[in-house]
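Enquirer: Quick one, what's the 3D model for this:
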Amino acid sequence: MLAEGTAVTVIAPELKNTGAAVLGDIANDALVTADIVMTFDPPVASLKVARQVSPLLNPGAVYADFNPGTPDMKRRMAELFPDGSFAEGTFTVVPELRADVAGSGAPAVAELLTGVGVAVENTSEALGDAAAREILRGMLDKSLAAAVIDVLWAAESLGQKDWAYQQVLATFEASSAATATGYLNGTAQHLKRRQMEMMDVVETMRETGYDSTLVAAIETNYSRILHGKRVPFSKLK
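Expert: Prediction:
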């Protein structure tokens, strides 16, 4: 932002001796003249900071909360600010720096970020949209990590840990968008086969004594599909 000529004041409400302004110092002057206030705080401090800043916000300015939190928390936070003056956002850095922004103040934030070279992937006026997307990204990442860990633990019980680790790496190396669609379509089209294959997994884990953290979840998914819940974006033959 500085390189693009944007005037920036860094404020650290919870941190002292960092060279940043603290609320109650020159920060008050910066807040009442700012067009956009962007916050990056720990989740436990975000609501407190919003309450501190809201009385100081310049009329017509936008408060943009980029802190982790639930969609409901973002909606409650927005109630502290006048209509049109609150936005929530998230950043991702893979494969490049991108942002999602939502709320009535989202267009102003998107314009600022775009102007300094940040790709704004999604803009929505519906509060909670950006937080929901971040939660879903985290859910996907943590689910993949849990699957890898469970497979490696299972591999240890079978004496195949080193081979399994290399197999995991090779699988990710070869993966693409087509891999994801293949998982969806394959499960929807071959559910009975998948259930039979899981019976072999369950029997093998019972023999080794390994208590898988994911087998029960996989079986629950298959049960839901069997009872009529559609696999999203799948193509049934």
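
Enquirer: and the closest residue to Pro43 other than its chain neighbours, how many neighbours?
Expert: Once flanking residues are discounted, Pro43 sits nearest to Pro68: 4.9 Å by C-beta to C-beta, 6 or more residues apart in numbering. Just so you know, the C-beta spots here come from the backbone N, C-alpha and C atoms, and that holds for glycine as well. Neighbour count for Pro68, taken as other C-beta atoms under 10 Å: 16.

Enquirer: ok, now Leu47?
Expert: For Leu47, the neighbour count with other C-beta under 10 Å is 17.

Enquirer: Using PDB, write down the CA coordinates of the host helix or strand of it.
Expert: Assigned by DSSP states H and E, Leu47 falls within helix 43-53. These are the backbone C-alpha positions of helix 43-53, laid out as PDB (Å, rounded to 0.1, in the frame of the first residue of the first chain):
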ATOM      1  CA  PRO A  43      -9.900 -13.800  17.500                       C
ATOM      2  CA  VAL A  44     -10.200 -13.100  21.300                       C
ATOM      3  CA  ALA A  45      -9.500  -9.400  20.700                       C
ATOM      4  CA  SER A  46     -11.400  -8.700  17.600                       C
ATOM      5  CA  LEU A  47     -14.800  -7.900  19.200                       C
ATOM      6  CA  LYS A  48     -13.100  -5.700  21.800                       C
ATOM      7  CA  VAL A  49     -11.200  -3.800  19.200                       C
ATOM      8  CA  ALA A  50     -14.300  -3.200  17.100                       C
ATOM      9  CA  ARG A  51     -16.100  -1.800  20.200                       C
ATOM     10  CA  GLN A  52     -13.200   0.500  20.800                       C
ATOM     11  CA  VAL A  53     -12.900   1.700  17.200                       C
END
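
Enquirer: which strands and helices sit next to the helix or strand following it?
Expert: Remark: after helix 43-53, the chain's next helix or strand is strand 62-65, criterion DSSP H and E. Strand 62-65 sits against strand 36-39, helix 43-53, strand 86-92, helix 106-115, with contacts defined as 3 or more C-beta pairs under 8 Å, 6 or more residues apart in numbering; DSSP states H and E.

Enquirer: phi, psi of Pro232?
Expert: phi -60, psi 140 (degrees, to the nearest 10).

Enquirer: Skipping its backbone neighbours, what lies nearest it in space?
Expert: Nearest to Pro232 is Leu184, by C-beta to C-beta, 6+ apart, at 7.1 Å.

Enquirer: For the one you found, give its distance to Ala119.
Expert: 27 Å (C-beta to C-beta, to the nearest Å).

Enquirer: circling back: wait, the residue nearest to Pro232 sits on Leu236?
Expert: No - judged on C-beta atoms under 8 Å, Leu184 makes no contact with Leu236 at a distance of 10.5 Å.

Enquirer: Do a quick rundown of the helices in this structure.
Expert: 27-33, 43-53, 71-78, 106-115, 129-157, 161-173, 177-189, 191-208, 215-226 (DSSP state H).

Enquirer: which non-adjacent residue is nearest the residue most central in space within the chain?
Expert: In the chain, the centroid-proximal residue (C-alpha atoms, centre = their mean) is Glu134; its distance is 2.2 Å. Of all residues not flanking Glu134 in the chain, Thr90 sits nearest, at 4.3 Å (C-beta to C-beta, 6+ apart).
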